[in-house]
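Q: sequence plus predicted model, see below.
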Amino acid sequence: DAGVIQSPRHEVTEMGQEVTLRCKPISGHDYLFWYRQTMMRGLELLIYFNNNVPIDDSGMPEDRFSAKMPNASFSTLKIQPSEPRDSAVYFCASSLTSRRETQYFGPGTRLLVL
Amino acid sequence: ELKVEQNPLFLSMQEGKNYTIYCNYSTTSDRLYWYRQDPGKSLESLFVLLSNGAVKQEGRLMASLDTKARLSTLHITAAVHDLSATYFCAVVTDKLIFGTGTRLQVFP
């Protein structure tokens, strides 16, 4: 299996622009998670899905952030409009049948908002 | 609010030495993970500890869990340079809460 796939790997954009991050979970995994990692706040869970349904989005920082999972093999995290404080590494992870099981992380997207 | 604290935050150690990283958490949990992250890379699962008294070992790393004390340890034996990375513990409640991370640097 190819593991969790994320794209793009790097993104540089200007403040105010829309940013879309993409994730393909491991095939057969029922759970998908979006995390953000910064030096100041560490690793934060933003949102997670079970069988394509958003379960807990309490970690989404504000309305500028939105996430979708239209099917079992694809999810997006969108930031509109982006701000410099959104600069971070965004990870997608997936787990097989439970949010309590081992989560397998993708390579991350490094986002820089100028 | 669940807090997961690791100490030390930074650890610089000489090859061949032993050391322990501590992970304390503030609420009841029966499952804890240890992850490794190399600089600029993703997170890799090392261990899952499923019950009180659980001990897992792989190579020079050994992890243990004391659910009553709400404490997990990651012990490093005879450190080598390849172990240089950041190590995270993560506690399971209704979701996975990560600790602050311990950045380990092993030098000759």
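A: It's in. Bear in mind that the values here come from a model prediction, so they are computed numbers and not experimental data.
Q: alpha carbons only for contacts and neighbour counts from here, please
A: Noted.
Q: and the residue of chain A nearest chain B?
A: Chain B sits closest to A:Pro107 of chain A, with a gap of 4.9 Å, by C-alpha to the nearest C-alpha.
Q: so that residue, which state does it fall into?
A: When classified by DSSP: H, G, I helix; E, B strand; the rest coil, A:Pro107 comes out as coil.
Q: so what pLDDT did it get?
A: You'll see A:Pro107 listed with a pLDDT of 96.
Q: which residues touch the closest residue in space to A:Val12 that isn't next to it in sequence?
A: Closest residue in space to A:Val12, ignoring its immediate chain neighbours: A:Leu112 at 4.8 Å, by C-alpha to C-alpha, 6 or more residues apart in numbering or on different chains. Counting by C-alpha atoms under 8 Å, 6 or more residues apart in numbering or on different chains, A:Leu112 touches A:11-13, A:84, A:86-88.
Q: which of these fall within strands?
A: Applying DSSP state E to the contacts of A:Leu112, the entries found in strands are A:11-13, A:88.
Q: ok, back up a step: the residue nearest to A:Val12 belongs to a strand?
A: Yes: counting by three-state DSSP, A:Leu112 is located in a strand.
Q: up against chain A, what does chain B have?
A: Within reach of chain A by C-alpha under 8 Å from any C-alpha of the partner chain, chain B has these residues: B:31, B:33, B:41-45, B:48, B:92-98, B:100-101.
Q: filter the residues you listed down to the buried ones.
A: B:31, B:33, B:42-45, B:48, B:92-93, B:96-98, B:100-101 (16 or more other C-alpha atoms under 10 Å in any protein chain shown).
Q: closest to chain A out of the residues you listed?
A: Nearest member of these to chain A, counting by C-alpha to the nearest C-alpha, is B:Ser42, at 4.9 Å.
Q: now stretch B:16-31: mean pLDDT?
A: 93.
Q: and the least confident helix or strand in chain B by mean pLDDT, what does it pack onto?
A: Using mean pLDDT, DSSP states H and E, the weakest-scoring helix or strand in chain B turns out to be strand B:96-98, at a mean of 92. Judged by 3 or more C-alpha pairs under 8 Å, 6 or more residues apart in numbering or on different chains; DSSP states H and E, strand B:96-98 is in contact with strand A:42-50, strand B:85-92.
Q: in the helix or strand just after that strand, what's buried?
A: Remark: after strand B:96-98, the chain's next helix or strand is strand B:102-107, criterion DSSP states H and E. By neighbour count on 16+ other C-alpha under 10 Å, the buried set for strand B:102-107 is B:102-106.
Q: what's the closest of these to chain A?
A: Among the buried residues of strand B:102-107, and counting by C-alpha to the nearest C-alpha, the member closest to chain A is B:Thr102, at 11.3 Å.
Q: returning to what we had before: and the furthest pair within the buried ones among the residues of chain B next to chain A?
A: Farthest pair in those (C-alpha to C-alpha) is B:Ser42 and B:Thr93. Separation: 22.6 Å.
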